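Novice: Predicted model and sequence below, questions to follow.
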Amino acid sequence: MRTTKGSKSGGVAGQISRRRLIEAGTAAAALNATARLAAPRIVRAADLKTLVIVQQPGSLRTVDPGRASEVDGSAIGHALYDSLLALDGANPAPSYATDWTVSPDGLTYVFNVHADWKFSDGTPVTPEDYIFSCMREKNNKADASWMMGNVASITKTGPGQITIKLEKLDVDYLKLVPNSSLAVTKAATVRAHGGTDAADAATTDTATTWLDQHSVGTGPFMIDHWDRGSEMVLRANPHYWGPKTFDTVVFRFVQDPTTQRDLLLRGDAHLALNLTPDLAADLEKRGPSSKTAIAKVPALGIAYLGFNVKAQGPIGKPKAWEAIKYAVDYEGLKEIYLGGGQPTGCIVPPQLPNALPVAEGLKQDVAKAKAALAALGMPNGFTFKLTYGADQIIQNVPASDVVQKVKADLAEVGINAELNGEPLTQELTDYRAAKADAVLHLWAVDYPGWTDFLPVYGPGGHVGLSRQSWAVDSSPEAKQIAELIARATATVDPKQQLEPALQAQRLINQYGPYAWLFETNYQLGYRTDVIKKLAIDYLSFFNIPTSEFV
């Protein structure tokens, strides 16, 4: 058995664990009903008991950890809830679990958990609470329920012990566990408000409405209120053991990135999440006198064009995908995303193991694009509908700017992309139901492992099949790619994973229904008179408890 241990405080030995720096303290007074109906509260930077964050509402639908999966709610989810494990960079670290062991075959995980943790209402956390939370996620059949799809059983095997057995080997399983969709919630309270972990939870669970206005977790904050489209206010969890940073955190939902920048410059906001590349560059040029700075780091997200294998017309044919791949000006896209992105070799971000080298990524070749059109029998091009989130900021890059660039590139070889801008929430709904013929989309990281990308997008994968209709038996190439991915995921030996993973990505670049555009970066603007150093977290944009404040 392999054993990993951390300090009993829940952090990595000798370090401060993420989300563990909020001490017990008096919760900030709730805003009265009149204030909630008025304009969002403005708090000046001088009021250091309150942190104001501006972000677009984007895809945020819910903060119920059993049903949330969108990237725009990640920071909020991690502020409210803890999972069994945390992350130290890209590596698993203690959280509710103090240490764990893994069986030699990689199928059985035994976690020892804290005996003295409390929920935000002061009641003790038990293994049963965590088991309930995971089974509710599994049985409600929500977008993140796939995270429990490989779990054969999850049981309490001691007063402070949880054992999880997997159906098959998952070489990155410990990196998946920290996702806030697998957070620990108080079972009794969730049940009291309509929640259930029963097999029919998909149709009988009604707790989401309540959980969108209340939280029952162990994170550093808890929900005060959420006015959709306006603001969400969090207040400090009085039963969180770490030292206090802020009494209140206000998330203001501001669609316009320029307005976010202006609020930051005035000190009416302390952290801006959706600055476009030009605005981020503007802040950097202003220098220290502006009391603002930019935190930039790879976001482990991939922006791409995806094509539905079963779409009617030419866009459902491999030669059409080939023509589009070669027609896109990937170098020219750099002028669109600026510091908000960087090239990628394939679907696996360059920072992760088994990523295809960037040098092997897709490159524009107009002659090959025209040859593919000729082979398609449409030398003068064709027309297809390209759906995208009209209000989407791809981390920091407006989706509308990207599709306009792509449309112009394709027009150079005669391909007409009819742009179909939808609200991001609708685009997500349509794409997940495989209703879109072609999309511009972002795959944001669920866990910092290569298996969150390659198997998911391969033939028969979670996205490959359900969204692209790309089945293993779609073509001989699809079958070969699926076999290579199966080989790579069947071993814990990195050396044995590497070659089949790389070859699978080379074939996906050649035959798959995707054009990988760029990897995204976080470019977060912050006030230097409030935040000394902004800690970036792979799963939640940023990390309030482990950031350094003035």
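Specialist: Okay, I see it.

Novice: was I right about residue 225 contacting residue 234?
Specialist: No. Assessed by CB atoms under 8 Å, residue 225 is found out of contact with residue 234, at 9.4 Å. In this view, the C-beta of every residue, glycine as well, is placed from N, C-alpha and C.

Novice: With neighbour numbers in mind, choose between the two.
Specialist: Per other CB atoms under 10 Å, whichever of residue 225 and residue 234 has more neighbours is residue 234, with 29 against 18.

Novice: Confirm that that one sits in a helix.
Specialist: No. Counting by DSSP: H, G, I helix; E, B strand; the rest coil, residue 234 falls outside a helix, being strand.

Novice: ok, now which ones touch the residue nearest to it when sequence neighbours are not counted?
Specialist: Spatial nearest neighbour of residue 234, chain neighbours left out: residue 221 (3.9 Å); criterion: CB to CB, 6 or more residues apart in numbering. Listed by CB atoms under 8 Å, 6 or more residues apart in numbering, the contact set of residue 221 reads 22, 79, 80, 215, 234, 235, 236, 237, 249.

Novice: what's around the last one, how many residues?
Specialist: Meaning residue 249. Close neighbours of residue 249, defined as other CB under 10 Å, add up to 25.

Novice: just checking, it is part of a strand?
Specialist: Yes. Judged by three-state DSSP, residue 249 forms part of a strand.

Novice: Let me see the contact set for it.
Specialist: 50, 51, 52, 53, 79, 221, 233, 234, 235, 544.

Novice: Poorly predicted segments of the stretch 1-150 of the chain, please.
Specialist: Along the stretch 1-150 of the chain, segments meeting pLDDT under 70 span 1-48.

Novice: And the strands in it?
Specialist: Assigned by DSSP state E, counting those that start in this stretch, the stretch 1-150 of the chain shows strands spanning 2-5, 50-55, 85-88, 91-94, 97-102, 108-113.

Novice: Out of those strands, flag the one nearest residue 177.
Specialist: Shortest distance between residue 177 and these, using CB to CB, is found for strand 85-88: 4.5 Å.

Novice: Tell me which other helices or strands that closest one touches.
Specialist: Contacts defined by 3 or more CB pairs under 8 Å, 6 or more residues apart in numbering; DSSP states H and E place strand 85-88 against strand 91-94.

Novice: who does the strand it packs on touch, helix- and strand-wise?
Specialist: For strand 91-94, the elements it packs on are strand 85-88, helix 173-176, judged by 3+ CB pairs under 8 Å, 6+ apart.

Novice: Dump those to JSON lines, plus distance to residue 508 and mean neighbour count.
Specialist: As requested, the helices and strands packed on strand 91-94 are exported to JSON lines (distance: least, CB to CB, whole Å; neighbours: other CB atoms under 10 Å):
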{"stretch": "strand 85-88", "distance to residue 508": "27", "mean neighbour count": "24"}
{"stretch": "helix 173-176", "distance to residue 508": "22", "mean neighbour count": "22"}
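
Novice: Would you tell me which helix is longest in the protein?
Specialist: helix 494-511 (DSSP state H).

Novice: What pairs with the helix or strand just after it, parallel or antiparallel?
Specialist: Downstream of helix 494-511, the next assigned helix or strand under DSSP states H and E is strand 514-527. Based on DSSP bridges, the strands next to strand 514-527 in the sheet, each with its direction, are strand 271-272 (antiparallel), strand 292-307 (antiparallel), strand 341-342 (antiparallel).

Novice: Quick one: distance of the last one to the chain centre.
Specialist: Centre-to-centre, strand 341-342 and its host chain are 17 Å apart (CA atoms, centre = their mean, to the nearest Å).

Novice: What's the first helix or strand after that strand?
Specialist: With secondary structure assigned by DSSP H and E, strand 341-342 is succeeded by helix 366-376.

Novice: any idea of the mean pLDDT for that next one?
Specialist: For helix 366-376, mean pLDDT rounds to 98.

Novice: That one - contacts with which helices or strands?
Specialist: On a contact count with 3+ CB pairs under 8 Å, 6+ apart, helix 366-376 meets helix 318-327.

Novice: pLDDT (mean, whole number) over the helix it packs on?
Specialist: Mean predicted lDDT for helix 318-327 stands at 98.

Novice: before we move on, what about stretch 336-353?
Specialist: 95.

Novice: now stretch 530-548
Specialist: On average, stretch 530-548 scores 88.

Novice: can you pull the buried residues of that stretch?
Specialist: Using 16 or more other CB atoms under 10 Å as the test for burial, stretch 530-548 gives 530-531, 534, 536-547.

Novice: List the contacts of residue 198.
Specialist: So residue 198 contacts 139, 204 (CB under 8 Å, 6+ apart).

Novice: same thing with residue 481?
Specialist: By CB under 8 Å, 6+ apart, the contact set of residue 481 is 458, 459, 504, 507, 508, 511, 512.

Novice: any idea which of the strands paired with strand 514-527 is most buried?
Specialist: Ranked by mean neighbour count, the strands paired with strand 514-527 are led by strand 271-272 with a mean of 28 (mean count of other CB atoms under 10 Å).

Novice: Just the buried positions in the next helix or strand after that one, please.
Specialist: For strand 271-272, the succeeding helix or strand toward the C-terminus, using DSSP H and E, is helix 277-286. Within helix 277-286, the residues scored as buried using 16+ other CB under 10 Å are 277, 278, 279, 280, 282, 283, 284.

Novice: I'd like to know how far the fourth one sits from residue 272.
Specialist: As for residue 280, its distance to residue 272 is 9 Å (criterion: CB to CB, to the nearest Å).

Novice: which neighbours do the two share?
Specialist: Counting by CB under 8 Å, 6+ apart, the shared contacts of residue 280 and residue 272 are residue 525.

Novice: Number of residues surrounding residue 184?
Specialist: 28.

Novice: ok, now residue 493?
Specialist: 9.

Novice: Phi, psi for it please.
Specialist: Backbone torsions of residue 493, given as degrees, to the nearest 10, read phi -80, psi 110.

Novice: What's the local residue count around residue 518?
Specialist: 23.

Novice: wait, doesn't residue 166 sit right on residue 150?
Specialist: Yes. Under the criterion of CB under 8 Å, residue 166 makes contact with residue 150 at 5.2 Å.

Novice: Quickly list what's touching both of those two.
Specialist: residue 173.

Novice: I figured residue 118 was touching residue 124, is that so?
Specialist: Yes. Between residue 118 and residue 124 there is a contact under CB under 8 Å: 5.9 Å.

Novice: Neighbour count: those two, which is higher?
Specialist: residue 118 (18 against 12).

Novice: The more buried one and residue 138: what is the separation?
Specialist: The gap separating residue 118 from residue 138 is 26 Å, by CB to CB.

Novice: just the strands of the stretch 1-150 of the chain: most buried one?
Specialist: Using mean count of other CB under 10 Å, strand 50-55 ranks as the most buried of the strands of the stretch 1-150 of the chain, with a mean of 26.

Novice: Run the chain-centre distance for that strand.
Specialist: On CA atoms, centre = their mean, the centre of strand 50-55 falls 20 Å from that of its chain.
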